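**Student:** pasting the sequence and the predicted model now:
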Amino acid sequence: MDLVTSLGNLTLDNSHDILPDSLPFLSSTHCPFSRAQLNGVDDFLHRLFDARSEGFNDEIWVKSRDATLSRPQRTTNILERSDKTSVAAMLSRHLWWEGENDEEDNLVSWTSSFLFVLQYAFYRKRYHGTDFKTMFICTVDTRQLPADVYVRDMDLINAHSPLNSRLSDLQRIRLGPHYFGEFLSQGALRIEGHCSIVSMQDILDAGLFRLRPEFEGFETRPPTWANEVVRLRRTDASADEITRLDCGHVEIAEHIGHLFGARFKWPVVLACLALKPWDELETHLMDALTQPAFAEIKQLAISSSKIKVVASAGLPEVLRVEEIAQTISTNLLLDRALKETQLAKNKLKYVLAVLAEEGFTRKLSTNRVRESKTVILRDLEDIVECVLAVQEVASE
């Protein structure tokens, strides 16, 4: 059975229901949001779904419960609704997982944390007994989607917490260690051509347990999700010994990234490497990238644009994505600069040898020779200025 067929069997959808491609969080007088808040979304977000998940998800659409059930409010931007108390109640139910099927919910949850979405899979396996083969991780490139279709959970919580005590409770919790980079979309969102969907079983088969051994043994632990992510973060921060990255770890990250396809390979590789801290990451990672086996990753690092990450200190696994990307990019650029420096040095040595040649400097003094020497000297002055500027920058 192919992926499309498998996904089609997960959730019944109302195919007759014609919806717009997205429902943006357009700011209104009822709930004013700044442009910075609406633009503050990571380039790549993830969500996990299976047959028990609310709403609908395949390679074309992600729909909320309301959109899936064709409820009237499915096409109404929640920021434009005047009944803010009802919106606050819906938001609270969604974020606390307290809603019933007969209650409205026009929201869909996403996360910037790959660690969080992976741990969710282990939680659902323990709590519901769901087969990993029927769990799927959907990763979306938000840069290719319409503007304003995502908003941070905390922005909505902060705007509505005065109207709902449960949201106020969640606000306090989110300001502590229990923050997981959650974003929300609303209604129906067409993700066709801008997403990749991979089964959790395939990710496990690619070697996830070796990359993050702490995931192993989940079968013997109580089914926890958020608390387990917090525990893993604390363990990482307090560990006396940190695992040393080796080529095998990089190879596993590459294999998992490969599952998501060429367009998503690089960001997923980074997300995998960022699942935990590594001992002397820079040294061992750059050593690994010198191996011919990782030539493709090296090329992706060079050719890929900078990945936008919106994270605070409370999301160490997301911050590491940016740190690892910056580490690789900086070192590869410096390696290239070093090669260019060596080439420049050798070329200047050649110029020196030519100018120092006795027959050139003393016996030949034609107009053309003098003009060439003048041009060379002028260019050398420019080179000296450039060298001084490079020295100043390099010494900072």
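**Tutor:** Structure received.
**Student:** select the longest helix from the protein.
**Tutor:** Taking DSSP state H as the criterion, the chain has its longest helix at helix 316-356.
**Student:** what number of residues lie near residue 376?
**Tutor:** Residues lying near residue 376 (other C-beta atoms under 10 Å) number 13. Any C-beta I mention is one placed from the backbone N, CA and C, and that applies to glycine too.
**Student:** looking at this, it is in a strand?
**Tutor:** No. Residue 376 is assigned helix when assessed by DSSP: H, G, I helix; E, B strand; the rest coil, not a strand.
**Student:** for it, which non-adjacent residue is closest in space?
**Tutor:** Spatial nearest neighbour of residue 376, excluding adjacent residues (C-beta to C-beta, 6 or more residues apart in numbering): residue 351 at 6.7 Å.
**Student:** ditto for residue 116
**Tutor:** Closest residue in space to residue 116, ignoring its immediate chain neighbours: residue 180 at 4.5 Å, by C-beta to C-beta, 6+ apart.
**Student:** right, and the one you found touches residue 117 too?
**Tutor:** No. Residue 180 lies out of contact with residue 117 (C-beta atoms under 8 Å); the separation is 9.1 Å.
**Student:** list residues touching both of those two?
**Tutor:** Both residue 180 and residue 117 are in contact with residue 111, where contact means C-beta atoms under 8 Å, 6 or more residues apart in numbering.
**Student:** still on that earlier bit, against which helices or strands is the longest helix of the chain packed?
**Tutor:** Under the contact criterion of 3 or more C-beta pairs under 8 Å, 6 or more residues apart in numbering; DSSP states H and E, helix 316-356 touches helix 114-128, helix 226-238, helix 262-273, helix 281-289, helix 295-303, helix 367-394.
**Student:** give me that answer again for 6 Å
**Tutor:** helix 262-273, helix 295-303 (3 or more C-beta pairs under 6 Å, 6 or more residues apart in numbering; DSSP states H and E).
**Student:** single out the most deeply packed of these.
**Tutor:** Here the criterion is mean neighbour count by mean count of other C-beta atoms under 10 Å, and of these the winner is helix 262-273, at a mean of 23.
**Student:** what mean pLDDT does that one have?
**Tutor:** Summarised as a single mean, pLDDT over helix 262-273 is 97.
**Student:** put the alpha carbons of that helix into PDB.
**Tutor:** Presented in PDB, the C-alpha positions along helix 262-273 are these (Å, rounded to 0.1, in the frame of the first residue of the first chain):
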ATOM      1  CA  ALA A 262      15.700  16.500  -1.300                       C
ATOM      2  CA  ARG A 263      13.900  19.700  -0.400                       C
ATOM      3  CA  PHE A 264      13.600  18.900   3.300                       C
ATOM      4  CA  LYS A 265      16.800  16.900   3.700                       C
ATOM      5  CA  TRP A 266      19.000  19.600   5.100                       C
ATOM      6  CA  PRO A 267      16.600  21.100   7.700                       C
ATOM      7  CA  VAL A 268      15.800  17.500   8.900                       C
ATOM      8  CA  VAL A 269      19.500  16.600   9.100                       C
ATOM      9  CA  LEU A 270      20.000  19.700  11.300                       C
ATOM     10  CA  ALA A 271      17.000  18.800  13.400                       C
ATOM     11  CA  CYS A 272      18.300  15.300  14.000                       C
ATOM     12  CA  LEU A 273      21.800  16.500  15.000                       C
END
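**Student:** dump the helices and strands packed on helix 316-356 into JSON lines; add distance to residue 205 as well.
**Tutor:** Output for the helices and strands packed on helix 316-356, formatted as JSON lines (distance: least, C-beta to C-beta, whole Å):
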{"stretch": "helix 262-273", "distance to residue 205": "14"}
{"stretch": "helix 295-303", "distance to residue 205": "20"}
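**Student:** among these, which is nearest residue 80?
**Tutor:** Proximity to residue 80 (C-beta to C-beta) singles out helix 262-273 among the helices and strands packed on helix 316-356, at 32.7 Å.
**Student:** residue 230: what's it in contact with?
**Tutor:** Each residue near residue 230 by C-beta atoms under 6 Å, 6 or more residues apart in numbering is listed here: residue 177.
**Student:** check the one 3 residues further on too.
**Tutor:** Residue 233 makes contact with residue 316, according to C-beta under 6 Å, 6+ apart.
**Student:** for residue 277, same thing?
**Tutor:** Each residue near residue 277 by C-beta under 6 Å, 6+ apart is listed here: 236, 242.
**Student:** measure it to residue 323 for me?
**Tutor:** Plainly put, residue 277 is 10 Å away from residue 323 if you go by C-beta to C-beta, to the nearest Å.
**Student:** and if you look at residue 198?
**Tutor:** 25 Å.
**Student:** of these two, who's got more company?
**Tutor:** Shown here are residue 198 and residue 323; by other C-beta under 10 Å, residue 198 has more neighbours (21 against 17).
**Student:** point to the residue nearest the middle of this structure.
**Tutor:** In the chain, the centroid-proximal residue (C-alpha atoms, centre = their mean) is residue 44; its distance is 4.3 Å.
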